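>>> got a structure for you, letters missing:
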């Protein structure tokens with residue numbers, strides 16, 4: 001089945017130059033000792049913010065400046081149709097950017113940044129599903145004074161085709177659902193999921209596909225976590241296996257570190273997260289592909305925190321460290337979208353240099369990226385999966401970039417990952433709340 005058309009609208013290579021003047025205009029605050037940022041808006045899509053690096057007036061971009069992706073918008077076919085729709089109330093489609101000096105955030109309820117100026121870039125998205133298009137690349141004058149002494153703002157705005165395979169669970173992962181591939185109005189079954197418990201208190205409830213697990217694969221599991229009994233409240237032993245239509249197992253997600261309430265509380269803490277191993281078949285056994293950690297955030301966010309690491313294939317060796325592909329938080333009430341996007345810092349791991357910079361070195365596709373990590377073959381948008389909030393019926397929808405799917409097992413691994421993220425919302429639920437019966441072991445139901 002053909003993939004669904006998607007387009008990525010990319011905004012990057014931001015920079016700001018403000019000429020030095022003996023008496024600078026009141027509207028222009030020189031940012032050499034003050035940070036700058038911008039707010040990027042595309043019609044009805046969520047507002048995105050990005051840091052704008054300052055460069056000396058005499059320099060020409062890039063001149064050694066690191067080129068980074070500041071924001072990206074993911075447009076489905078339906079989104080493109082809505083954006084292209086004619087309306088007497090809406091003018092020509094534009095990307096709008098407001099540039100600020102000062103720090104992001106608010107102080108005493110008042111925005112800390114000071115508006116420097118606004119920029120608008122016209123967009124014509126016709127045909128962008130099949131070809132790349134550059135809408136702007138260069139400097140634009142910003143500020144009230146648009147003559148010789150105005151500030152100069154550099155940006156690159158372009159679109160790239162990004163076709164994706166779309167999958168939809170027809171039920172909650174713990175209820176052994178089918179998984180359909182979606183293409184327009186066509187729904188075609190491609191996978192089935194089997195939820196089970198592993199190594200639980202002397203009982204060994206396993207799906208048939210895991211009964212053939214060799215000692216080698218069990219050693220892999222034990223090396224990444226421990227399922228031994230721990231005192232106190234815990235949720236452990238969950239496993240979900242993805243099968244193709246012939247019944248062969250093509251991916252699995254196995255809980256290798258129990259989700260345990262921290263002492264004196266009823267929540268899984270960030271300092272002691274639970275974890276899953278995402279497994280793929282290979283050489284007659286399961287091989288680890290990724291490790292997902294999850295916990296319950298404290299404070300006002302009170303959401304599901306997570307971190308996904310790619311486990312390098314080192315031919316059985318354990319020398320290479322995991323590569324962080326995604327680290328963020330999902331709202332426990334409203335849920336959200338789990339995303340692996342190595343070209344968009346908004347879902348990457350925070351680093352000291354930039355609070356929105358992903359840990360894995362690729363920052364984008366195309367002009368916005370440099371060298372890849374030695375073991376990391378992923379770049380740009382990789383996948384996303386919807387996650388419902390606590391207590392809501394969750395039927396994950398999964399989008400996977402075509403460039404990262406070469407076989408059935410590739411797609412199945414991302415489907416298993418989506419199931420693990422969804423189940424983590426339940427595993428991290430406060431222990432004062434009961435889980436549905438499908439997630440409870442027999443002895444828990446008796447208790």
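Received the coordinates, thanks. From a predicted model like this one, the values you see are computed outputs, not experimental measurements.
>>> which residues touch the closest residue to residue 261 other than its chain neighbours?
The shortest distance from residue 261 to any non-neighbouring residue, by Cβ to Cβ, 6 or more residues apart in numbering, is to residue 233 (4.0 Å). Backbone N, C-alpha and C define where each C-beta goes, glycine included. Residue 233 is in contact with 260-261, 266, 431, counting by Cβ atoms under 8 Å, 6 or more residues apart in numbering.
>>> with residue 41 instead?
The contact partners of residue 41, taken as Cβ under 8 Å, 6+ apart, are 47-48, 95-98.
>>> ok, and the most crowded of these?
The most crowded member of the contacts of residue 41, judged by other Cβ atoms under 10 Å, is residue 97 (26 neighbours).
>>> which residues does that residue contact?
Residue 97 neighbours (Cβ under 8 Å, 6+ apart): 11, 38-41, 118-121, 153, 155.
>>> 7 Å instead, please
Neighbouring residues of residue 97 by Cβ atoms under 7 Å, 6 or more residues apart in numbering: 38, 40, 118-119.
>>> and if you look at residue 432?
residue 266.
>>> could you look up the SS state of it?
Using DSSP: H, G, I helix; E, B strand; the rest coil, the structure places residue 432 in coil.
>>> go on, residue 411?
Assignment for residue 411 (three-state DSSP): helix.
>>> how many residues are close by it?
25.
>>> likewise for the one 3 residues further on?
Taking other Cβ under 10 Å as the criterion, the count of residues near residue 414 is 27.
>>> next: residue 388.
18.
>>> measure it to residue 394 for me?
4 Å (Cβ to Cβ, to the nearest Å).
>>> what of residue 299?
Residue 299 is 24 Å from residue 394, by Cβ to Cβ.
>>> more neighbours: which of the two?
Set residue 299 next to residue 394 and count neighbours by other Cβ under 10 Å: residue 394 wins out with 22 against 6.
>>> got the phi and psi for residue 428?
Main-chain torsions, residue 428, degrees, to the nearest 10: phi -100, psi 10.
>>> same question but for residue 392, I mixed them up
phi -100, psi 150.
>>> count the residues that sit near it.
Neighbours around residue 392, by other Cβ under 10 Å: 12.
>>> quick one, what contacts it?
Here residue 392 is in contact with residue 335 (Cβ under 7 Å, 6+ apart).
>>> gap between it and residue 167?
20 Å.
>>> tell me the bridge partners for the residue nearest the centre of the chain.
For the chain, the residue nearest the mean C-alpha position is residue 339 (2.0 Å; Cα atoms, centre = their mean). Judged by DSSP bridges, the bridge partners of residue 339 are residue 384.
>>> ok, it touching residue 384?
Yes. Using Cβ atoms under 7 Å, residue 339 is in contact with residue 384, at 4.6 Å.
>>> hang on, the earlier thing: ok, of the contacts of residue 97, which come out buried?
38, 40, 119 (16 or more other Cβ atoms under 10 Å).
>>> residue 293: which of these is nearest?
residue 40 (30.6 Å; Cβ to Cβ).
>>> could you give me the average pLDDT of whatever helix or strand the closest one lives in?
Using DSSP states H and E, residue 40 sits in strand 36-42. Over the span of strand 36-42, the pLDDT mean works out to 95.
>>> for whatever helix or strand comes next after it, packing partners?
Scanning forward in sequence from strand 36-42 by DSSP H and E, the next helix or strand is strand 48-51. Secondary-structure packing of strand 48-51 (3 or more Cβ pairs under 7 Å, 6 or more residues apart in numbering; DSSP states H and E): strand 36-42, strand 69-76.
>>> can you redo these as JSON lines with distance to residue 410?
Output for the helices and strands packed on strand 48-51, formatted as JSON lines (distance: least, Cβ to Cβ, whole Å):
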{"stretch": "strand 36-42", "distance to residue 410": "31"}
{"stretch": "strand 69-76", "distance to residue 410": "20"}
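>>> what's stretch 163-173 in contact with?
Here stretch 163-173 has contacts from 3-6, 177-182, 193, 195, 240, 393-402, 405, 411, 415, 419, 422-423, using Cβ under 7 Å, 6+ apart.
>>> buried among the residues you listed? Make that a PyMOL selection.
With 16+ other Cβ under 10 Å as the burial test, the buried ones among the contacts of stretch 163-173 are selected in PyMOL as follows:
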select buried, resi 3+4+5+6+177+179+180+181+182+193+195+240+394+395+396+397+398+399+400+401+405+411+415+419+422+423
